[in-house]
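Asker: Next one to model:
(one chain, ligands or ions: 3)
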Amino acid sequence: MTASLISANDVAGAFEALKAARPRVHAVVNSVAETFAANVMLALGITPSMTSNPEEVADFATGADALVVNLGTLDAGRREAITRLVDSAGHRPWVLDPTFVDRSPLRCDFAAGLIGRRPTILRANPAELAALGRGEASLPALAARWNTVLTVTEAVDQVASGERLDRVANGHELMSRVTASGCALGAVMAAFAAVDPDPHDAAVAALVTYGVAGEIAGRAAKGPGSFQAAFLDALYALSPDAVASGARILEVQD
Ligand SMILES: Nc1ncnc2c1ncn2[C@@H]1O[C@H](COP(=O)(O)OP(=O)(O)O)[C@@H](O)[C@H]1O
Ligand SMILES: Cc1ncsc1CCOP(=O)(O)O
Ligand SMILES: [Mg+2]
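Answerer: Numbering: from 1, shown residues only. Ligands and ions are numbered 1, 2, ... in the order given. This is a model prediction of the structure:
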């Protein structure tokens, strides 16, 4: 395993590229997260589309730069929409968020099938990863098995792919007290993957950007309600300098 190949300045560069490109992201996400994820994207200058109509998602994919699928409220329509969206991904990066696979074997099996379709980035929390990993706890081993950029989020986030393993310490504990923080992060990762040809770097840049905004919001907030508003404001006002100076990418030992 090598040390981090991405610097705070690289992350700020990716952030500038994101702001300049204003990518389009089509997201089939759970019904809880749709509004928050769209607002997070808009705050960053990303153009969101959120329809989950199976008959339309292929056309929306064609007009998008990146895609995200989230299993949080996996009704029959979303299941079909997700399948068709992934069928239509082509060269576009796509992010899989296997929300709550730890709660439902049916959902876990569906997610396993999607992992077989090789998501560009797989973002999960530790409980979801444990369910998907079926006993394998090593992040690099799972990233290699699934041939993806594997991201696990909690207080300190981890990104594994190939020979690389990065840890990102940015973030604020109030992020875990606002629903859909993880789902919206998946959409931000997709947007970074649209502008950065290296999906590992894109995942790290998304985590740093999101986490730095979370820290700024956390300093202003009184609790989850004001945090949500302050977080959108912080994403909107974020500068490349703030990203570069706030980045906390930890060195990983071999
Ligand atoms: N205790 C914490 N301290 C700092 N950041 C956190 C904490 N918990 C979650 N986050 C951040 O919140 C974001 C969403 O992650 P997480 O809450 O793990 O996802 P999910 O909602 O899918 O469980 C990530 O950017 C993560 O770094
Ligand atoms: C509460 C809830 N129930 C189904 S999806 C969902 C949102 C989960 O969002 P996140 O994984 O980002 O916390
Ligand atoms: Mg989640």
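Asker: So Pro54 sits against Ala81, correct?
Answerer: Yes. If you go by CB atoms under 8 Å, Pro54 and Ala81 touch, sitting 4.5 Å apart. Glycine gets a C-beta too; all of them are placed from N, C-alpha and C.
Asker: These two - which one has more neighbours?
Answerer: Ala81 (22 against 18; other CB atoms under 10 Å).
Asker: following the helix or strand containing the more buried one, which helix or strand shows up next?
Answerer: Per DSSP states H and E: Ala81 is located in helix 76-87. Downstream of helix 76-87, the first helix or strand assigned by DSSP H and E is strand 94-97.
Asker: CA atoms of that next one as CSV?
Answerer: Output in CSV follows, covering the C-alpha atoms of strand 94-97 (Å, rounded to 0.1, in the frame of the first residue of the first chain):
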residue,chain,number,x,y,z
TRP,A,94,-21.5,6.0,-11.7
VAL,A,95,-21.7,5.7,-7.9
LEU,A,96,-23.4,3.0,-5.9
ASP,A,97,-24.7,3.8,-2.4
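Asker: After it, which helix or strand is next?
Answerer: That would be, after strand 94-97 and using DSSP H and E, helix 105-115.
Asker: buried residues in that following helix?
Answerer: Using 16 or more other CB atoms under 10 Å as the test for burial, helix 105-115 gives Arg107, Cys108, Phe110, Ala111, Leu114, Ile115.
Asker: any idea which of these is closest to Thr73?
Answerer: Arg107 (10.5 Å; CB to CB).
Asker: Which residues of the stretch 151-254 of the chain lie near ligand 1?
Answerer: Contact residues, the stretch 151-254 of the chain versus ligand 1 (CB under 6 Å from any ligand atom): 153-155, 157, 171-173, 175-176, 181-182, 185, 207, 210-211.
Asker: In strands, which of those fall?
Answerer: By the criterion of DSSP state E, membership of these in strands covers Asp157.
Asker: on that earlier part again, please enumerate the shared neighbours of Pro54 and Ala81.
Answerer: With contacts taken as CB atoms under 8 Å, 6 or more residues apart in numbering, Pro54 and Ala81 have no neighbour in common.
Asker: by how many degrees do the helix holding Ala81 and helix 105-115 diverge?
Answerer: 20 degrees (axes from the mean of the first three to the mean of the last three CA atoms, to 10 degrees).
Asker: which parts of the stretch 1-150 of the chain sit against ligand 3?
Answerer: Selection of the stretch 1-150 of the chain residues close to ligand 3 by CB under 5 Å from the ion yields Thr99.
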